[in-house]
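Trainee: Predicted coordinates and the sequence they were generated for:
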Amino acid sequence: MSADAPAILAQALTKKFQSFTAVDHLDLSIAKGEIVGFIGPNGAGKSTTIRMLCGLLRPSEGSAQVAGFDVSSEAEAVREHIGYMSQKFSLYGDLTVRENLRFFGGIYRVARREIDERMKFAISMAGLEGREDRLVRTLAGGWKQRLALGCAILHRPPILFLDEPTSGVEPEARRRFWDLIHEFAADGVTILVSTHYMDEAEYCNRIALIDRGKLIAIGTPSELRAHQLGGELFEVGCAPLGAAMKALSDAPGVVDAAIFGDRLHVVLGAGGLDAADLPGFLGEHGIEVDQVRSVPPSLEDVFVQLVSGSPEERMIP
Amino acid sequence: MFERLSVMLMKEFLELKRDRWAMFRLIVPLIIQMLVFGYAATFTVHHVATSILDLDQSQASRSLISHFVATSRFNVVDVTQNRDDITRDIDQSTATIAIVIHAGFGRTLGNGQSAPLQVIVDGTNSNTALIALGYLSQIVAQFSEDQSSRAANFRADTAVPEIGISLQARPWFNEGLDDRWFFIPGVIGTLTLLQVVSLTAFAIVREREVGTLEQIMVSPIRPVEFILGKTVPFFLIGLGDIALVSAFGIFWFHISFIGNPWIMLLGASLFLLAALGIGLLLSTFSRTQQQAFALNFFFVNPLFILSGFAFPIAAMPKLLQWFTVINPLRYFLVVIRAVFLKGVGFEVLWPDLAAMALLALVMLTVSVLRFRKSLD
């Protein structure tokens, strides 16, 4: 693999389960040392894509290379070069921390002279010093998660696939986990990490937004914020929210309107309503407006705007 | 290869060690089932409830009745002179057998002629009925022998030497014709098959369900390394099962073991490999433990019924006889009965041993090939 060849390359990668298309002609190119966040709602096809890239599922169409090896025809070579953390916690609960590490070290054939040092590294990385002989099922979520990462990196893989590694882990542990991911990236490890936490997307070098099996946008967080919205974003405090969203959806100049918490986020394009017109326009529909203010768009705004579909489906967890 | 296999084995044994109930689950049901089979699985019939309708009331009829009272095979529940009582006894299952001694029975015998004796049997349980009829004819034969020798004594001076053939049966290998000697070796094979197939099928499906299988599949481990790691422990457990249950049969039920233990070990090993193959094959067709349970239920019972454990294979329809050819239990039962009771060796048993080896080879190969490291 030459230095500038992509670590992960997917071309028209497609997975069909009977009549359902889980991943639909996805193109992706990830450079060495990049952290790419895979963002999308549940069922968007994130896990299926990652499983195809790991050689766990066969692509129905298209192709993918990981570390320069084809995932369909050279799956075993791919496996030598990757670390994988599945969405579901998948270590042995009845084994201790040390026993799990030794098991995965053996499965990956980490050299005998290296294994002790690698285990020590994984234990300190996961903050599990003093808990080496605890049964894994007795550990709290954050520790389990970091231990799973430790097991996945014992053999020093140049590429890491992390499938929703932080789901169900408390915020403090999540932040710590992201620090670790950045440390690996600084050492040149390429990381594809999926999440449905929008705030975590900001930690990535680039973000790939995926919805219903299709890649709908890819770029750095600031690129996405700057270019994808198609207008200026305003936050509107009003009631009732549902009626307001409905009224604005068909109004001239409104690119998008969506509910965010107890407020409305409205994207206004050129040649139609502007921010000053909003209270009056909504008043005509019997809606009371407290406040209209310009806000910088978050990735969540971008995502909601990019995902086509009915407004009810736009709620992102 | 050996490094991965050794960490797989270490993991399996650690999990087994941590599972506090494992030993209990593995051993206690085996012993209990062995005891239940050992005591309950028998074709011997004792204390058959019997009603007797004595319409003759002669010395001969009373003597016949005393023959039935004297044996533990029959339990005379009713001696009556009313025909309706007999019908009632059979209808209400108070009696399984009714014997009708017609009027004139004693007189006819006294004249040196043969007299008819009517027997009514509740045929609902055809097996018990047949066996009881067998005992009954033995007793009647004994009675008629007693009668004729007594008659001969009376006419000692004029006696004509009787010519007859007396059958001297001498059963080989099981001289007491004890059912247990037939069943217990079969129970050993059957219980081991049940345990090993289900343990293997469930162990792999469980890893699939828990998610650890996915983590292993994504590693460069080879299918054969994984499968060996999963099955070697069950092979050892299976050998332990066979040793334990055999020891129980020999020391508790006093079944003779006159064969060569090495032939037994060879047969047991080949049989276990085939059983592991069945379990693995079932696991490759199951995504969830529920599916594994359903498949296990579907396959294991026919394996048991079509093995010759209780029902002779030669009596089965041709189609089912063909199915028994791919049933490892069929061959192992031949081997284990032969080693326990007959003491014959390799020169007789090699076809059965070869059949098990072939079955094991085919099933293990197919399951390794079917176990692709893929989730779809």
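Mentor: Okay, I see it.

Trainee: which SS class is residue A:246?
Mentor: Following DSSP: H, G, I helix; E, B strand; the rest coil, we place residue A:246 in the helix state.

Trainee: Count the neighbours of it for me.
Mentor: As a burial measure, residue A:246 scores 14 neighbours (other C-beta atoms under 10 Å in any protein chain shown). (Each C-beta comes from the backbone N, C-alpha and C, glycine too.)

Trainee: From residue A:259, how far off is it?
Mentor: Noted for residue A:246: a distance of 11 Å to residue A:259, by C-beta to C-beta, to the nearest Å.

Trainee: Which residues of the stretch 1-150 of chain A lie near chain B?
Mentor: Residues of the stretch 1-150 of chain A found near chain B (C-beta under 8 Å from any C-beta of the partner chain) are A:17, A:51, A:54-58, A:75-76, A:79-80, A:82, A:84, A:86, A:88-92, A:94-95, A:99, A:102-109, A:135.

Trainee: can you map out the helices along the stretch 101-250 of chain A?
Mentor: Assigned by DSSP state H, counting those that start in this stretch, the helices in the stretch 101-250 of chain A fall at A:112-125, A:141-153, A:171-186, A:198-201, A:221-227, A:241-249.

Trainee: Please produce CSV containing the ones you listed, extended by distance to residue B:327 and mean pLDDT.
Mentor: CSV is the format used below for these (distance: least, C-beta to C-beta, whole Å; pLDDT from 0 to 100):
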stretch, distance to residue B:327, mean pLDDT
helix A:112-125, 46, 91
helix A:141-153, 42, 90
helix A:171-186, 53, 89
helix A:198-201, 56, 83
helix A:221-227, 64, 78
helix A:241-249, 67, 87
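
Trainee: Give me whichever of those helices is most buried.
Mentor: Neighbour counts (mean count of other C-beta atoms under 10 Å in any protein chain shown) averaged over each of the helices of the stretch 101-250 of chain A peak at helix A:141-153, with a mean of 23.

Trainee: Can you name every helix or strand that that helix contacts?
Mentor: Packing contacts for helix A:141-153, counted by 3 or more C-beta pairs under 8 Å, 6 or more residues apart in numbering or on different chains; DSSP states H and E, involve strand A:82-85, helix A:97-107, helix A:112-125, strand A:159-163, helix A:171-186.

Trainee: Reformat those as CSV; add distance to residue B:371.
Mentor: Listed next are the helices and strands packed on helix A:141-153 as CSV, based on distance: least, C-beta to C-beta, whole Å:
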stretch, distance to residue B:371
strand A:82-85, 19
helix A:97-107, 16
helix A:112-125, 27
strand A:159-163, 23
helix A:171-186, 32
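
Trainee: returning to that earlier point: what about burial for the residues of the stretch 1-150 of chain A next to chain B, which qualify?
Mentor: A:51, A:54-57, A:75, A:79, A:82, A:84, A:86, A:89-92, A:94-95, A:99, A:102-109, A:135 (16 or more other C-beta atoms under 10 Å in any protein chain shown).

Trainee: So what does residue A:291 have for phi and psi?
Mentor: phi -160, psi 140 (degrees, to the nearest 10).

Trainee: show me the contacts for the nearest residue to residue B:106 once chain neighbours are set aside.
Mentor: Nearest residue to residue B:106 in three dimensions, chain neighbours excluded: residue B:58, at 2.9 Å (C-beta to C-beta, 6 or more residues apart in numbering or on different chains). Contacts for residue B:58 (C-beta atoms under 8 Å, 6 or more residues apart in numbering or on different chains) come out as B:105, B:106, B:107.

Trainee: so residue A:237 touches residue A:295, yeah?
Mentor: No - with contact defined as C-beta atoms under 8 Å, residue A:237 does not reach residue A:295; the gap is 11.5 Å.

Trainee: State the distance from the residue nearest to residue B:105 when sequence neighbours are not counted to chain A.
Mentor: Computed as C-beta to C-beta, 6+ apart, the closest residue to residue B:105 that is not its neighbour in sequence is residue B:56, at 4.2 Å. Residue B:56 sits at a distance of 77 Å from chain A (criterion: C-beta to the nearest C-beta, to the nearest Å).

Trainee: Domain-wise, how is chain B divided?
Mentor: According to automatic domain parsing, chain B comprises the domains B:2-41+B:176-370, B:48-158.

Trainee: want to throw these into TSV with distance to residue A:35?
Mentor: What follows is the domains of chain B, written out as TSV (distance: least, C-beta to C-beta, whole Å):
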stretch	distance to residue A:35
domain B:2-41+B:176-370	20
domain B:48-158	75
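
Trainee: show me what contacts the nearest residue to residue A:125 once chain neighbours are set aside?
Mentor: Closest residue in space to residue A:125, ignoring its immediate chain neighbours: residue A:150 at 5.8 Å, by C-beta to C-beta, 6+ apart. Residue A:150 sits next to A:101, A:122, A:123, A:125, A:126, A:128 when contact means C-beta under 8 Å, 6+ apart.

Trainee: swap the cut-off to 6 Å and go again
Mentor: A:122, A:125, A:126 (C-beta atoms under 6 Å, 6 or more residues apart in numbering or on different chains).

Trainee: Lovely, talk soon.
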